[in-house]
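Enquirer: sequence first, predicted coordinates after that:
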Amino acid sequence: MKISAKKSLGQNFLIDRDILNQIVNSVNIEGKEILEIGPGSGNLTTFILKRNPKKIYVVEKDNDLVLVLKDKFDNEIQIIHDDVLKIKENEIFDKKLIVFGNLPYNISTEILSKWIMNMDNNVWFESLVLMFQKEVADRIIAKSNNSKYGRLSILSNWKLNIKKITDIKPQSFSPKPKVDSSLLLFTPKKKFFKLESAKNLEMLTRIFFSQRRKMLKKPFNQIFKDSQKVSEKFNIDLNLRPQNLEPETYFELVKEFESSRG
Ligand code: SAM
């Protein structure tokens, strides 16, 4: 069957065998349960299968591609014909999974945020090997005091260890995307800062980073009744900018915000 890529579903298929090998070599697959997000026509799936996993689940939204996958793999894989943003991973899977995804760029950060927000002590994955637009990957791995550091870096660093595996050129895909990509490996942190609600972290970092060039004074006054007292408690100079604070400091500030309301 001829496959024509749908732009609306972010379809850029991986065709570079070296990269496909590098992806499946980045973690140990043998005997493990795997989840692949957006398998497309199954290029990466074929490479995963060669590494002898115990089981592969794939989540694909595109009706046409689901037919292609059924035809190509028959009962070698378990196809979940759904939108990855709608499925409840915690309820579907009972084993810890290794997750692969050459993600559709338009929803890649939404997928990652969903998984982080829903992570509790009983995490449903062992590792995530995910492809992002390079510009987005740079924001995920950015450290404080860097212009790319922001909400996404803080949220990702909250519960995950992150490592860059490689950068990938547009030529490795068909059709070629307009931008470079990066492959990242995430593993859950054994311990992470406990907050009442991940939504509070999202809300507070949104307030801070919507004025990223402004001094901290302004967002502090907006968030805390007695901002001077809070800044002294955590030894924060309010003349600094949001990018100068470490992720840990943001977690402390969210906790302070939560207890001030409680
Ligand atoms: N993994 C394949 C590869 O590397 O050749 C295809 C990757 S392509 C960048 C993204 C895939 O995700 C497409 O197959 C697309 O149909 C699928 N997709 C897009 N949005 C989705 C969604 N919300 N839920 C599940 N799959 C989605």
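Expert: Structure received. Bear in mind the structure is a predicted one, so any value in this text is a computation, not a measurement.
Enquirer: what's the one residue in the chain that gets nearest to the ligand sitting at in phi/psi?
Expert: In the chain, the residue found nearest to the ligand is Gly38; the distance is 2.2 Å by Cβ to the nearest ligand atom. (C-beta placed from N, C-alpha, C; glycine too.) Here is the backbone geometry of Gly38 (degrees, to the nearest 10): phi 60, psi 70.
Enquirer: kindly report the same for Leu44.
Expert: Torsion angles at Leu44 (phi, psi; degrees, to the nearest 10) stand at phi -70, psi -40.
Enquirer: so who does it touch?
Expert: When the contact criterion is Cβ atoms under 8 Å, 6 or more residues apart in numbering, the partners of Leu44 are Leu14, Leu20, Ile23, Val24, Glu36, Phe100, Asn102.
Enquirer: show me the shaky parts of this structure.
Expert: 1-2, 262 (pLDDT under 70).
Enquirer: quick one, helices of it?
Expert: Ranges of helices within the chain are 17-24, 43-49, 63-73, 89-92, 108-117, 134-141, 151-159, 198-209, 217-223, 227-233, 247-261, based on DSSP state H.
Enquirer: output those helices in CSV; the columns should cover distance to the ligand.
Expert: Converted to CSV, these look like this (distance: least, Cβ to the nearest ligand atom, whole Å):
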stretch, distance to the ligand
helix 17-24, 8
helix 43-49, 4
helix 63-73, 5
helix 89-92, 13
helix 108-117, 8
helix 134-141, 13
helix 151-159, 19
helix 198-209, 21
helix 217-223, 33
helix 227-233, 40
helix 247-261, 28
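Enquirer: deepest of the ones you listed, which one?
Expert: Per-stretch averages of neighbours, counted by mean count of other Cβ atoms under 10 Å, single out helix 151-159 among the helices of the chain, with a mean of 22.
Enquirer: now for that one, which elements pack on it?
Expert: Packed against helix 151-159, as judged by 3 or more Cβ pairs under 8 Å, 6 or more residues apart in numbering; DSSP states H and E, are the following elements: helix 108-117, helix 134-141, helix 198-209, helix 247-261.
Enquirer: in stretch 84-101, what counts as buried?
Expert: Applying a neighbour-count criterion of 16 or more other Cβ atoms under 10 Å, one finds Val84, Ile87, Glu89, Phe93, Leu97, Ile98, Val99, Phe100, Gly101 buried in stretch 84-101.
Enquirer: list the contacts of that stretch.
Expert: Contacts of stretch 84-101 from elsewhere in the structure, counted by Cβ under 8 Å, 6+ apart, are 23-24, 27, 29, 32-38, 44, 48, 53, 57, 59, 61, 80, 107, 110-111, 114-115, 118, 122-131.
Enquirer: distance between it and the chain's centre?
Expert: Distance of stretch 84-101 from the chain centroid (Cα atoms, centre = their mean, to the nearest Å) equals 13 Å.
Enquirer: circling back to that earlier point, the residue of the chain closest to the ligand: what's it in contact with?
Expert: Shown in contact with Gly38 (Cβ under 8 Å, 6+ apart): Gly10, Val59, Glu60, Lys61, Val84, Gly101, Asn102, Leu103, Pro104.
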